[in-house]
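Novice: heads up, no residue letters with this:
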């Protein structure tokens with residue numbers, strides 16, 4: 001008997017085994033080099049799984065679910081923030097040859113800081129906190145861009161490092177995206193070919209796993225030999241083509257357009273439009289980052305067009321910055337400072353500083369000053385009395401008291417009293433706009449606490465109702481210019497049926513199943529699938545509720561009941577639970593309405609649509 005050895009097959013098997021061993025070895029090395037970063041990524045991954053399961057879970061205790069979702073969201077955010085912070089300080093420690101004990105101390109300190117931060121967060125998400133989250137995330141990315149070179153004077157190394165980690169991040173995203181697409185298509189194939197019952201949750205878990213692997217793959221390719229980065233630059237040819245022939249010509253075109261607009265302003269002697277500041281900021285920042293992308297080429301004498309553009313760009317920005325400060329100065333004088341105007345001013349001053357730095361101190365240019373200075377702006381402006389939020393609130397509060405004093409709406413103790421009929425429509429609208437500013441930031445308590453007779457505001461009332469009460473107390477509700485307000489503030493056309501969300505007990509006797517209905521502000525229809533029962537629950541903003549059970553459809557119209565509330569001019573108190581019972585064919589249905597914002601036609605006094613609808617429904621097929 002003769003045996004034939006397939007050497008090609010054996011070679012392929014050995015190579016495959018070698019690649020698997022190398023992959024596992026690289027994964028281990030990544031954990032060893034970035035243990036705390038990977039720990040933070042793992043925590044974010046696990047919490048994301050819990051959050052996904054909780055979000056898809058049907059429960060009658062929505063208030064508890066909301067609290068858990070918020071806490072999981074906070075945990076995921078802080079763990080993700082920890083990835084950036086721990087990554088930055090790990091590389092900084094490597095560059096400065098920290099001892100293992102010092103690395104451990106810094107990493108543990110960062111984790112303890114994030115844990116303390118978690119317990120300082122409010123129980124509910126707010127607009128200000130969402131903006132702070134964005135600023136902290138942005139600051140963390142900027143920190144990772146400059147910290148390894150914070151105490152190093154290596155412009156080429158700094159550029160190569162940022163090009164490498166940005167390229168690695170994009171490559172990791174492509175890798176994760178392909179992996180997710182491939183696994184998802186495989187699941188679809190199994191579902192179609194074998195008629196397998198694959199839950200939609202599986203796709204969510206696969207997506208979360210791919211995001212987790214994205215972090216792992218990114219860390220595996222992080223730079224290690226920083227000295228080598230400063231010695232040799234591998235400049236991608238496509239980057240030079242993109243910047244030379246696309247970005248720089250576009251920036252030049254926008255500069256010419258803005259100069260033409262500035263010339264027109266001088267000719268007709270009119271104030272610049274408010275939105276021009278955003279064009280100037282976008283142009284300036286895009287131009288600076290375009291120059292960063294071609295920094296290695298700027299050092300070459302044969303790059304004539306690039307060298308000319310570099311020399312004149314910062315000088316050309318100076319007249320445009322004058323236009324920016326005039327425009328924003330006019331708006332601040334008219335309407336005070338808001339968070340948007342705060343950042344326009346801050347970025348305008350930053351651009352002025354960059355122009356001075358690159359024009360007057362060409363010998364001492366350090367390109368790392370760009371991410372470093374932006375890090376300082378975004379991080380410092382997110383907290384403290386100097387923050388965008390505190391400065392905006394102080395500015396609007398000062399404007400409010402100016403108009404109150406002007407219209408004799410302050411008593412001898414400085415408390416706010418109702419207005420009289422002599423107040424002008426312009427001043428009343430200014431006061432209403434300022435109150436709207438505080439309402440959008442959940443700060444109406446500040447206004448209420450300064451009223452001569454503070455209003456008792458229910459904790460279960462939404463902010464629109466609270467604002468309505470404050471305006472009614474000040475005799476300003478009828479003076480509100482609805483046409484100048486957003487759709488959310490059309491109180492005159494809307495009756496809010498507000499019911500206690502904290503209801504913990506429901507009468508379930510005589511019913512077999514339940515489901516929740518949530519119709520958000522921007523939705524016209526919501527659907528809830530219950531695969532185990534072969535049931536679909538559908539509700540739309542027109543008040544139509546449809547249950548499809550085992551291919552049998554039941555339709556219910558909530559308009560009549562809601563119109564009954566409207567005809568009685570009734571706003572259900574937060575102590576009363578709105579209950580609607582239907583019986584149709586062989587189905588018995590009970591609806592507990594927890595909240596609904598009902599829009600009413602002023603002429604017909606009839607229901608038109610509703611938003612932010614929250615209810616629990618119980619049913620039984622008889």
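Specialist: Ah, there it is. What you are looking at is a predicted structure, and each value in this text was computed from that prediction instead of being measured.

Novice: in the chain, which spans are strands?
Specialist: 494-498, 513-519, 525-530, 535-540, 544-549, 552-557, 578-584, 587-600, 607-621 (DSSP state E).

Novice: okay, those strands in JSON lines with mean neighbour count next?
Specialist: Glycine gets a C-beta too; all of them are placed from N, C-alpha and C. As requested, those are exported to JSON lines (neighbours: other Cβ atoms under 10 Å):
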{"stretch": "strand 494-498", "mean neighbour count": "20"}
{"stretch": "strand 513-519", "mean neighbour count": "18"}
{"stretch": "strand 525-530", "mean neighbour count": "14"}
{"stretch": "strand 535-540", "mean neighbour count": "19"}
{"stretch": "strand 544-549", "mean neighbour count": "18"}
{"stretch": "strand 552-557", "mean neighbour count": "14"}
{"stretch": "strand 578-584", "mean neighbour count": "14"}
{"stretch": "strand 587-600", "mean neighbour count": "20"}
{"stretch": "strand 607-621", "mean neighbour count": "19"}
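
Novice: of these, which approaches residue 471 most closely?
Specialist: For residue 471, the closest of these is strand 494-498, at 13.9 Å, according to Cβ to Cβ.

Novice: With mean pLDDT and distance to residue 410 added, can I get the strands of the chain in TSV?
Specialist: As requested, the strands of the chain are exported to TSV (pLDDT from 0 to 100; distance: least, Cβ to Cβ, whole Å):
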stretch	mean pLDDT	distance to residue 410
strand 494-498	46	30
strand 513-519	77	42
strand 525-530	75	47
strand 535-540	80	48
strand 544-549	80	50
strand 552-557	80	51
strand 578-584	73	41
strand 587-600	73	34
strand 607-621	74	36
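
Novice: so which of these gets nearest residue 160?
Specialist: When the strands of the chain are compared for distance to residue 160 using Cβ to Cβ, the nearest one is strand 513-519, at 49.5 Å.

Novice: Quick check: which ranges of the stretch 201-350 of the chain have low pLDDT?
Specialist: Residues of the stretch 201-350 of the chain that meet the criterion pLDDT under 70 lie in 271, 299, 301-304.

Novice: Remind me what the top helix by length along the chain packs against, helices and strands.
Specialist: Of all segments of type helix in the chain, defined using DSSP state H, the longest is helix 155-193. Contact here means 3 or more Cβ pairs under 8 Å, 6 or more residues apart in numbering; DSSP states H and E; on that basis helix 155-193 packs against helix 127-146, helix 200-220, helix 226-231, helix 295-298.

Novice: could you give the angle of that helix to helix 200-220?
Specialist: Using axes from the mean of the first three to the mean of the last three Cα atoms, to 10 degrees, the inter-axis angle of helix 155-193 relative to helix 200-220 is 160 degrees.

Novice: what's the spacing between helix 155-193 and its chain's center?
Specialist: A distance of 22 Å separates the C-alpha centroid of helix 155-193 from that of its chain, computed with Cα atoms, centre = their mean, to the nearest Å.

Novice: buried residues in that helix?
Specialist: Across helix 155-193, burial judged by 16 or more other Cβ atoms under 10 Å covers 155-163, 165, 168-169, 172, 176, 179-180, 183.

Novice: and the angle for it with helix 127-146?
Specialist: Here helix 155-193 points in a direction 120 degrees away from that of helix 127-146 (the same axes, to 10 degrees).

Novice: Just give the nearest non-adjacent residue to residue 561, would you?
Specialist: With Cβ to Cβ, 6 or more residues apart in numbering as the measure, residue 580 is the residue that lies nearest to residue 561, at 5.2 Å, once sequence neighbours are left out.

Novice: Could you give the bridge partners of that neighbour?
Specialist: residue 591 (DSSP bridges).

Novice: how near is it to residue 559?
Specialist: Distance of residue 580 to residue 559, given as Cβ to Cβ, to the nearest Å: 12 Å.

Novice: and residue 451, how many neighbours does it have?
Specialist: For residue 451, the tally of surrounding residues (other Cβ atoms under 10 Å) stands at 15.

Novice: same deal with residue 399?
Specialist: Residue 399 has 19 nearby residues by other Cβ under 10 Å.

Novice: Could you pull up the contacting residues of it?
Specialist: 335, 336, 430, 434 (Cβ atoms under 8 Å, 6 or more residues apart in numbering).

Novice: isn't the second one right next to residue 395, touching?
Specialist: Yes - applying Cβ atoms under 8 Å, one finds residue 336 in contact with residue 395, separated by 4.2 Å.

Novice: check contacts around residue 218.
Specialist: Counting by Cβ under 8 Å, 6+ apart, residue 218 makes contact with 165, 168, 169, 172.

Novice: export the helices and strands packed on helix 155-193 to JSON lines and tack on distance to residue 114?
Specialist: Conversion of the helices and strands packed on helix 155-193 to JSON lines gives the following (distance: least, Cβ to Cβ, whole Å):
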{"stretch": "helix 127-146", "distance to residue 114": "11"}
{"stretch": "helix 200-220", "distance to residue 114": "16"}
{"stretch": "helix 226-231", "distance to residue 114": "27"}
{"stretch": "helix 295-298", "distance to residue 114": "34"}
